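>>> build me a model from this:
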Amino acid sequence: MVSVRRYESRDLAALREICVRTGYRGTDATGVMADTAILPDAYAEPYVVHDPGLAFVADDGGAAVGYIVGTADTDAFADWFAETWLPRVAPKHAAPPEHPDNFEEAILRDLHFVAFDLEPRAESVREIGIVFDNENAGHGDWGAVCRRVAMLDHR
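Sure, this is the predicted structure:
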């Protein structure tokens with residue numbers, strides 16, 4: 001049975017793996033991208049670093065099989081991403097092309113420009129992302145999982 005618990009630092013490798021295994025339009029990006037580390041560097045890990053109190057994992061009793069990440073303030077996250085996160089991870093990846101021609105190039109562009117592409121938001125805008133590995137997607141009552149997370153004290 002899958003349960004939801006708070007993210008712990010020991011979950012990082014599983015979170016990154018799930019992000020890659022679901023990162024190519026819901027399927028495994030392995031073999032599709034030369035640099036699959038772009039995916040969790042852009043879409044998963046920055047959330048658990050910036051706002052770990054809003055990170056949760058779906059745990060099947062032995063390992064994380066999904067994750068829920070978010071931020072309480074999109075503007076603050078975008079600023080932090082550009083000023084702190086991007087300088088930390090950008091050197092590990094190729095520079096983004098001016099005009100992406102494929103999926104990997106589009107992800108590179110997202111990594112480098114995500115903070116600048118966000119439009120100004122109203123105060124207290126939140127973001128949430130929910131990802132489950134392909135073996136567990138479609139099984140169980142994920143709506144109940146999400147409701148459980150919504151009821152947790154996030155701070």
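
>>> can you show me the strands along this structure?
For the chain, applying DSSP state E gives strands covering 3-6, 56-59, 64-71, 127-132.

>>> what's the pLDDT at the nearest residue to residue 51 once chain neighbours are set aside?
Once flanking residues are discounted, residue 51 sits nearest to residue 71: 4.8 Å by CB to CB, 6 or more residues apart in numbering. In this view, the C-beta of every residue, glycine as well, is placed from N, C-alpha and C. We have a pLDDT of 85 for residue 71.

>>> okay, which residue is most central for the chain?
residue 44 (2.3 Å; CA atoms, centre = their mean).

>>> that one is in contact with residue 20, isn't it?
No - between residue 44 and residue 20 there is no contact under CB atoms under 8 Å: 9.2 Å.

>>> what comes into contact with stretch 98-111?
When contacts are defined by CB atoms under 8 Å, 6 or more residues apart in numbering, stretch 98-111 is touched by residues 24-25, 32-35, 38-39, 41-43, 86, 89-90, 93-97, 117.

>>> centre of the chain to stretch 47-54, how far?
Distance, stretch centre to chain centre, for stretch 47-54: 10 Å (CA atoms, centre = their mean, to the nearest Å).

>>> for that stretch, give the distance from the opening residue to the closing one.
8 Å (CA to CA, to the nearest Å).

>>> what do you get for stretch 85-94?
Start-to-end, stretch 85-94 (CA to CA) is 16 Å.

>>> now that stretch: mean pLDDT?
94.

>>> now swap in stretch 23-41 and tell me
93.

>>> may I have it as CSV, with CA atoms only?
Output of stretch 23-41 as CSV, limited to C-alpha atoms (Å, rounded to 0.1, in the frame of the first residue of the first chain):
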residue,chain,number,x,y,z
GLY,A,23,10.5,12.9,-17.9
TYR,A,24,10.0,12.3,-21.6
ARG,A,25,6.3,13.1,-22.1
GLY,A,26,5.4,10.8,-19.2
THR,A,27,7.8,8.0,-20.3
ASP,A,28,11.4,7.2,-19.6
ALA,A,29,13.9,9.8,-20.9
THR,A,30,16.8,7.3,-20.7
GLY,A,31,18.1,6.8,-24.3
VAL,A,32,16.1,9.7,-25.5
MET,A,33,18.3,12.4,-24.0
ALA,A,34,22.1,12.4,-23.8
ASP,A,35,21.9,14.4,-20.5
THR,A,36,19.0,13.1,-18.5
ALA,A,37,20.2,14.9,-15.3
ILE,A,38,18.7,18.1,-16.8
LEU,A,39,15.3,16.9,-15.9
PRO,A,40,15.6,16.6,-12.1
ASP,A,41,17.9,19.6,-12.1
